[in-house]
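Undergrad: coords please:
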Amino acid sequence: MGIYEELQARGLIAQVTDEPEIRELINKGGARFYIGFDPTADSLHVGHFMALCLMKRLQMAGNKPVVLIGGGTGYIGDPSGRTDMRSMMTPETIEHNCDCFKKQMERFIEFGEDKAIMLNNADWLLKLNYIDLLREVGACFSVNNMLRAECYKQRMEKGLSFLEFNYMIMQAYDFYYMHNNYGVNMQFGGNDQWSNMLAGTELIRRKSFDEETKESDDAYAMTITLLLNSEGKKMGKTVGGAVWLDPNKTSPFDFYQYWRNVDDADVMKCIRMLTFLSLDEIEDMEKWDDSRINEKKEILAYELTELVHGKEEADKAKETARALFSGQGDDANMPTTELNASDVPAEGMNIIDLLSACSLVPSKGEARRLIQQGGVSVDGEKISAIDEIISKDALTNGVKIKKGKKVFHKAVIK
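TA: Residues are numbered from 1 along each chain as shown. Next comes the predicted model:
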């Protein structure tokens, strides 16, 4: 089985431009492919996870990855899948976020001579002359076709800025530039990027067309299946926001617990799409009795935590989770919020304020509802009143909060 067939079997391929050619190219290790990452935050998150795993799989099969950091497109913002305009970032923020991405990607991709390379489109986009761009590239785009693209449809009702309208042209130009200067012949991306990716292949075709031979350069595109749960919603969100790959933003334990707690209906899909277990192992797991569902979840959580944070952190997360859910309560590696003593009143802290301070609820209203439904315990005692006060002495020693059946958190005054 070639890598293309494996990607199909894992359910990772959504759309391709030229299937026979792409199949042969990546199975023979002949793809010089790129995936772009706009630096909209200082950490990658679970939404990037599929792309990183795909790059790793393709590199293992002999293909050459090009990681494109959107230091230039980050000035514009991708409107794909959004109903509002992204906030504008400063050059300093964009540069900082790019640096953070590089460090995290090295856990997945092997960089070096004749291996993976990392590029920043700021190196060419910020040098473009507007008139030259219009003459060289603008003439290749049909506004009518652009307005029909899926990536713009959601924004048309509320208003699409001319700034964002240019994003497709910028992404297409990236592909064209890297094709000419780095030999990139394929682009991968999320399925919501299909229109932008087709724009790139078409730009290369038109700009490289030879009137004498009637031929043009080969350039291909493949989209990756979006990681959706059984309800059709994107995975990777919690009460506190995105599930980050940075351990300082989402602890290894919280990362582990996110995957340990996925819905039963999503477990095997995640194992198949995200882990590096063999397809034979996965097929055997699919035959397991339903009573082993928690074993499957534990395998999923451990495999992905080890991939992102390493074996030591995965072992700690697994041991901590087992201890907590067995009732032994070893909180050595439990996620912890350190409170400033000056922020805690002398009489103690209201339970609603404490839940908010620990980012365990999205709002105080949700905290009240959770308490009234009996979903909060502190040091093993269920909280029944929304005006319950947790004493300052208790917080000084550290208290263990349990939210629902699966979320544990420690709060302590530092």
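Undergrad: burial count for Thr250?
TA: Thr250 has 25 neighbours, counted by other CB atoms under 10 Å. Glycine gets a C-beta too; all of them are placed from N, C-alpha and C.
Undergrad: which residue packs closest to it, ignoring adjacent ones?
TA: Using CB to CB, 6 or more residues apart in numbering and skipping the chain neighbours, the partner closest in space to Thr250 is Trp244 (4.2 Å).
Undergrad: can you check Trp288 too?
TA: In space, Trp288 is closest to Lys296, 6.9 Å off (CB to CB, 6+ apart).
Undergrad: list the contacts for that neighbour?
TA: Val267, Met268, Ile271, Met285, Trp288 (CB atoms under 8 Å, 6 or more residues apart in numbering).
Undergrad: secondary structure class for it?
TA: helix (DSSP: H, G, I helix; E, B strand; the rest coil).
Undergrad: what number of residues lie near Lys405?
TA: Lys405: 8 neighbours (other CB under 10 Å).
Undergrad: ok, now how distant is it from Arg23?
TA: 46 Å (CB to CB, to the nearest Å).
Undergrad: distance of Gln171 from Lys296?
TA: Using CB to CB, one gets 38 Å for the distance from Gln171 to Lys296.
Undergrad: repeat for Leu125
TA: 45 Å.
Undergrad: so Tyr34 is in which element?
TA: Assigned by DSSP states H and E, Tyr34 falls within strand 32-37.
Undergrad: let me see the mean pLDDT of that strand.
TA: The pLDDT scores in strand 32-37 average 94.
Undergrad: what is whatever helix or strand comes next after it packed up against?
TA: Sequence order places helix 46-60 as the next helix or strand after strand 32-37, per DSSP H and E. With contacts taken as 3 or more CB pairs under 8 Å, 6 or more residues apart in numbering; DSSP states H and E, helix 46-60 sits against helix 3-9, strand 32-37, strand 64-69, strand 186-190, strand 220-224, helix 267-274, helix 293-309.
Undergrad: check the spacing between the residue nearest the centre of the chain and Ala14 real quick.
TA: Residue closest to the average C-alpha location in the chain (CA atoms, centre = their mean): Gly47, at 2.1 Å. From Gly47 across to Ala14, the span is 15 Å (CB to CB).
Undergrad: please apply the same query to Asp264.
TA: Taking CB to CB, one finds Asp264 at 24 Å from Ala14.
Undergrad: neighbour count: these two, which is higher?
TA: Ala14 (15 against 12).
Undergrad: my read: the more buried one touches Ile224, true?
TA: Yes - using CB atoms under 8 Å, Ala14 is in contact with Ile224, at 6.2 Å.
Undergrad: what touches both of the two?
TA: Shared contacts of Ala14 and Ile224 (CB under 8 Å, 6+ apart): Asn191.
Undergrad: where does this protein have low pLDDT?
TA: For the chain, the stretches with pLDDT under 70 are 76-88, 150-155, 157, 238-240, 325-332.
Undergrad: residue farthest from the centroid of it?
TA: Farthest-from-centroid check, the chain (CA atoms, centre = their mean): Glu212, 45.2 Å.
Undergrad: in a strand, that one, correct?
TA: No - according to three-state DSSP, the state of Glu212 is coil, so it is not within a strand.
Undergrad: from the helices and strands packed on helix 46-60, which stretch is densest packed?
TA: strand 186-190 (a mean of 25; mean count of other CB atoms under 10 Å).
Undergrad: report the buried residues of whatever helix or strand comes next after that strand.
TA: Beyond strand 186-190 on the C-terminal side, the first helix or strand identified by DSSP H and E is helix 194-208. In terms of neighbour count (16 or more other CB atoms under 10 Å), helix 194-208 has its buried residues at Trp194, Ser195, Asn196, Met197, Leu198, Ala199, Gly200, Thr201, Glu202, Leu203, Ile204, Arg205.
Undergrad: identify the residues contacting helix 194-208?
TA: By CB under 8 Å, 6+ apart, helix 194-208 touches 14-15, 17, 78, 80, 137, 140-141, 146, 149-152, 167-169, 171-176, 179, 187, 189, 216-217, 219-221, 223.
Undergrad: quick one: buried ones out of those?
TA: Neighbour counting over these (16+ other CB under 10 Å) leaves 17, 78, 80, 137, 140-141, 146, 149, 151-152, 167-169, 171-176, 179, 187, 189, 219-221, 223 as the buried ones.
Undergrad: can you map out the helices along the stretch 301-414 of the chain?
TA: For the stretch 301-414 of the chain, the helices defined by DSSP state H, counting those that start in this stretch cover 311-325, 351-357, 364-372, 392-397.
Undergrad: tell me the contacts of the residue nearest to Glu6 when sequence neighbours are not counted?
TA: Take Glu6 and drop its neighbours on the chain: the residue closest to it by CB to CB, 6+ apart is Leu279, 6.8 Å away. Going by CB under 8 Å, 6+ apart, Leu279 touches Met1, Glu6, Ala9, Arg10, Arg272.
Undergrad: what residues are up against the nearest residue to the residue nearest to the centre of the chain once chain neighbours are set aside?
TA: Leaving aside its chain neighbours, Gly47 sits nearest to Gly236 (5.0 Å; criterion: CB to CB, 6+ apart). Gly236 is in contact with His45, Val46, Gly47, Phe49, Leu227, Ala242, Val243, counting by CB under 8 Å, 6+ apart.
Undergrad: which members of these are the farthest-apart pair?
TA: Leu227 and Ala242 (12.8 Å; CB to CB).
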